[in-house]
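Participant: The following block contains a protein sequence and its predicted model.
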Amino acid sequence: MAEEQNKLNQPDTTEEPIAVELAKKQREVSISQFFERNRHLLGFDNKRKALMTTIKEAVDNSLDACEEADILPEIYVNVVDMNNDRFNITIEDNGPGIVKKQIPHIFARLLYGSKFFKLSQSRGQQGIGISASVMYAQLTTGKPAKITSKIDKKHPTHYYELHIDTQKNTPEIVREEIVEEWSDKDHGTKIELDLEGSYQKGDQSIDQYLKQTAIANPHITLIYQPPKGEQLIFARATDKMPRRPVEIKPHPYGVELGRLFQMAKLTEAKTLQSFLMKEFSRVGSGTAKQICENAALLPKTKPKTMSREMVESLMKGINETRIISPPTDCISPIGNDLLEKSLRKEINAEFYTAAVRPPSVYRGNPFIVEVACAYGGEQPADQSMKIYRFANRVPLLYQPGGCGITKSVIATNWRSYGLSQSSGALPVGPITLVVHLASVWVPYTSESKEAIAHYPEIIKEIKLAVQECGRKLAMYIRKKRRIQDESKKRDYIQIYIPHIGSALKEIIGLKDSQEERVNKLLKSVLEKKRGELEEIKVDNPEYDAEWAKIGKEKKEREKGKEKKEEKEGKDKSNKGKQEGKEREKKEDKKKK
């Protein structure tokens, strides 16, 4: 008995199961910690891109704030090179400002914002962008973000210095005070960041992004001080604000089963019919009753008591009911005229056209596709088509290969429009294309918002808009070729007119003056019979050569200059050859 008691009193030396040890290591990961390690997902995967992404996020936020408050945007961007790949960035706007309580959360807390929950066109979506820029600056230099904001002339100007506590995803206030700055300014916000970066001109540079932002937002005034060179001012082209998008409710066709089940549990509606009418757009009393009938559910059913099977039946009833497409007043497109006008300022071409598709829907979200095209002129004929991509008026400079816009353009048969194209590649020719997608929710491929996802509905609409431009382009190219062919025939006939005149002079003894008159008469007959030849030329008074240079690398500009000089040299050479031929003809006449 004593031995048994001793065995019970002895400690258990057996090891704990491995699962218990593993369980001790499990812990929650904050969103800030996740993006701290995976900052490449937000567009901070290299120094050049990080610098551009930071400015992009700040400018996009400023534009959204100004448009929501119905203020014509005036944005100042200053980039100072501090050497050793460090830059000081300042972005200041004249927007409505931010209330004191919200400043730390907006700039130093990831996934915090107002745009995620509303369905209307805006540049920001997730509430990550600007706070991610603050986190990147904190990681690379350790310095806090400096925020200055004022909401009204009667209110004080608040100044904050902020860090992000990445363990908790909460703001850490380093300094807070009221300053006397902006005594002459009614409202606005300024952010100043020190971060690691790399400045370089080219197609994916800050200069190019700001220029394209001015193209897509003609109502903006942008003052930009680059790290090198003189200050650039992108003056607004219009004082008219874009139409303010109206917030809409979700469309029944765009709601999935799990979300519908959650909405039914959270609604304040007492009956299923009122739930459908209050929570969704385009659902009136008649449509709600029809949905209930198709779902075999009573209109007076309480939404909060619905089981998963009942919600599944409701989903089936929605899909079997014909519902009007969602309203499009939640979208603010650029417009045909402004899009073409912006392209004329950038590209010196022979032919311009634009097309806008009627509103369409993907997953219940309305969207509009706009396309503009410039052909010929000073554009290189031996290079692939150049594409400017925009989403909700924001330029997309990275990941062109993974974007739905590029896929749609490649899938279009450009050979039928008069351009050469290899299989699975962009067409080759002197052509530039602008594609803009406006939607309440742009389906980006990642959090960095660099490319559009390949939704079949979006791909189809982009293709149709591109094809519309392509048909107009094909008509112009065919017309140009007919004029060129006619010009060759005329030149061929005109070669023999002097010979006919000299032959008649020999046969019937014409004088020199009569011979000249015969030549003139033959030329007038040629013009009369074959009609007046239309001249094809570049006539674009809106083209701004200095504007077009912004964002381009020196090598690219020098290459263009060399091509121009080469072309001028060829023209001079051809002119010399022609003059030589004419001299030979005159000498032959004298001999005869």
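Facilitator: Great, that's in hand.
Participant: can you give me the strands in the stretch 151-300 of the chain?
Facilitator: Using DSSP state E, counting those that start in this stretch, the strands found in the stretch 151-300 of the chain span residues 157-165, 170-179, 188-196, 221-225, 232-234.
Participant: hey, which of those strands is tucked in deepest?
Facilitator: Most buried of the strands of the stretch 151-300 of the chain, by mean neighbour count (mean count of other C-beta atoms under 10 Å): strand 188-196, with a mean of 23. Every C-beta, even on glycine, is put in place using the N, C-alpha and C of the backbone.
Participant: list the helices and strands that one packs on?
Facilitator: Packing partners of strand 188-196 (3 or more C-beta pairs under 8 Å, 6 or more residues apart in numbering; DSSP states H and E): helix 47-68, strand 86-93, helix 129-141, strand 145-150.
Participant: tell me the angle that strand makes with strand 86-93.
Facilitator: Calculated by axes from the mean of the first three to the mean of the last three C-alpha atoms, to 10 degrees, strand 188-196 forms an angle of 170 degrees with strand 86-93.
Participant: Can you tell me the strand partners of strand 188-196 and which way each runs?
Facilitator: strand 86-93 (antiparallel), strand 145-150 (antiparallel) (DSSP bridges).
Participant: Can you name the residues in contact with that strand?
Facilitator: Contact with strand 188-196 is made by 47, 50-51, 54, 58, 62, 65, 82, 85-95, 97-98, 107, 130, 133-134, 136-137, 140-141, 143, 145-150, 182, as judged by C-beta atoms under 8 Å, 6 or more residues apart in numbering.
Participant: just to revisit the earlier point, figure out which of the strands paired with strand 188-196 is closest to residue 428.
Facilitator: Shortest separation from residue 428 across the strands paired with strand 188-196 is recorded for strand 86-93, at 37.9 Å, computed as C-beta to C-beta.
Participant: who touches the closest one?
Facilitator: Outside of strand 86-93, the residues within contact range by C-beta under 8 Å, 6+ apart are 51, 54-55, 58-59, 62, 65-66, 73-82, 141, 188-197, 199, 227.
Participant: try it again with 6 Å
Facilitator: For strand 86-93, the external contacting residues (C-beta atoms under 6 Å, 6 or more residues apart in numbering) are 58, 62, 75-80, 82, 188-194, 196-197.
Participant: now the helices for the stretch 301-450 of the chain?
Facilitator: Using DSSP state H, counting those that start in this stretch, the helices of the stretch 301-450 of the chain run over 308-320, 336-346, 404-411.
Participant: who wins for proximity to residue 539 among those?
Facilitator: Across those, closest to residue 539 is helix 336-346 (C-beta to C-beta), at 10.8 Å.
Participant: so can I have JSON lines of the strands paired with strand 188-196 showing mean neighbour count, mean pLDDT and distance to residue 352?
Facilitator: Output for the strands paired with strand 188-196, formatted as JSON lines (neighbours: other C-beta atoms under 10 Å; pLDDT from 0 to 100; distance: least, C-beta to C-beta, whole Å):
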{"stretch": "strand 86-93", "mean neighbour count": "20", "mean pLDDT": "94", "distance to residue 352": "32"}
{"stretch": "strand 145-150", "mean neighbour count": "22", "mean pLDDT": "94", "distance to residue 352": "42"}
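Participant: Pipe those into a markdown table and attach distance to residue 383 per row.
Facilitator: Conversion of the strands paired with strand 188-196 to a markdown table gives the following (distance: least, C-beta to C-beta, whole Å):
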| stretch | distance to residue 383 |
| --- | --- |
| strand 86-93 | 32 |
| strand 145-150 | 42 |
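Participant: Identify whichever of the ones you listed lies nearest to residue 450.
Facilitator: So among these, strand 86-93 is nearest, using C-beta to C-beta, at 19.9 Å.
Participant: Quick check: next helix or strand after that closest one?
Facilitator: helix 103-107 (DSSP states H and E).
Participant: Counting by contacts, list what that following helix packs against.
Facilitator: strand 145-150, strand 157-165 (3 or more C-beta pairs under 6 Å, 6 or more residues apart in numbering; DSSP states H and E).
Participant: and the angle for the first one with helix 129-141?
Facilitator: Think strand 145-150. Calculated by the same axes, to 10 degrees, strand 145-150 forms an angle of 140 degrees with helix 129-141.
Participant: Return the distance of strand 145-150 from the chain's centre.
Facilitator: The chain centroid and the centroid of strand 145-150 are separated by 28 Å, computed with C-alpha atoms, centre = their mean, to the nearest Å.
Participant: go on, stretch 405-417?
Facilitator: The chain centroid and the centroid of stretch 405-417 are separated by 19 Å under C-alpha atoms, centre = their mean.
Participant: who's in contact with it?
Facilitator: Stretch 405-417 is contacted from outside by 389, 400, 421, 427, 435, 452, 454, 459, 462-463, 466, 470, 473-474, using C-beta under 6 Å, 6+ apart.
Participant: Against which helices or strands is the lengthiest helix in the chain packed?
Facilitator: Once the chain is assigned using DSSP state H, the helix that runs over the most residues is helix 456-508. With contacts taken as 3+ C-beta pairs under 6 Å, 6+ apart, helix 456-508 sits against strand 351-356, strand 360-362, strand 365-375, helix 404-411, helix 512-530.
Participant: Domain map for the chain?
Facilitator: 32-234, 252-320, 336-476 (automatic domain parsing).
Participant: So which of those is nearest residue 507?
Facilitator: domain 336-476 (45.9 Å).
Participant: measure that closest one end to end?
Facilitator: 19 Å (C-alpha to C-alpha, to the nearest Å).
Participant: Setting the sequence-adjacent residues aside, check what's closest to residue 151.
Facilitator: residue 97 (3.8 Å; C-beta to C-beta, 6 or more residues apart in numbering).
Participant: Tell me how far the residue positioned nearest the centre of the chain lies from residue 322.
Facilitator: Nearest to the geometric centre of the chain sits residue 390, at 1.5 Å (C-alpha atoms, centre = their mean). Residue 390 sits 33 Å away from residue 322, going by C-beta to C-beta, to the nearest Å.
Participant: Ok, residue 33 next?
Facilitator: Distance from residue 33 to residue 322, by C-beta to C-beta: 48 Å.
Participant: Name the residue in the two with the higher neighbour count.
Facilitator: With neighbours defined as other C-beta atoms under 10 Å, residue 33 and residue 322 compare such that residue 33 has more, 15 against 6.
Participant: what secondary structure does the more buried one sit in?
Facilitator: Under the three-state scheme (DSSP: H, G, I helix; E, B strand; the rest coil), residue 33 adopts helix.
Participant: Can you check the pLDDT for the closest residue in space to it that isn't next to it in sequence?
Facilitator: Spatial nearest neighbour of residue 33, excluding adjacent residues (C-beta to C-beta, 6+ apart): residue 166 at 5.3 Å. The pLDDT attached to residue 166 in the predicted structure is 87.
Participant: can I assume residue 166 is in contact with residue 31?
Facilitator: No - the pair residue 166 / residue 31 is not scored as a contact, 9.2 Å apart, by C-beta atoms under 6 Å.
Participant: Of the two, which one has the most company?
Facilitator: residue 166 (20 against 15).
Participant: measure the more buried one to residue 133 for me?
Facilitator: 14 Å.
Participant: can you check residue 101 too?
Facilitator: Remark: distance between residue 101 and residue 133 (C-beta to C-beta) = 21 Å.
Participant: quick one: which of the two has more around it?
Facilitator: Using other C-beta under 10 Å as the criterion, residue 101 and residue 133 rank with residue 133 on top: 28 against 8.
Participant: Contact partners for that one?
Facilitator: Residue 133 is in contact with 54, 57, counting by C-beta under 6 Å, 6+ apart.
Participant: Distance check, it against residue 54.
Facilitator: Distance from residue 133 to residue 54, by C-beta to C-beta: 4 Å.
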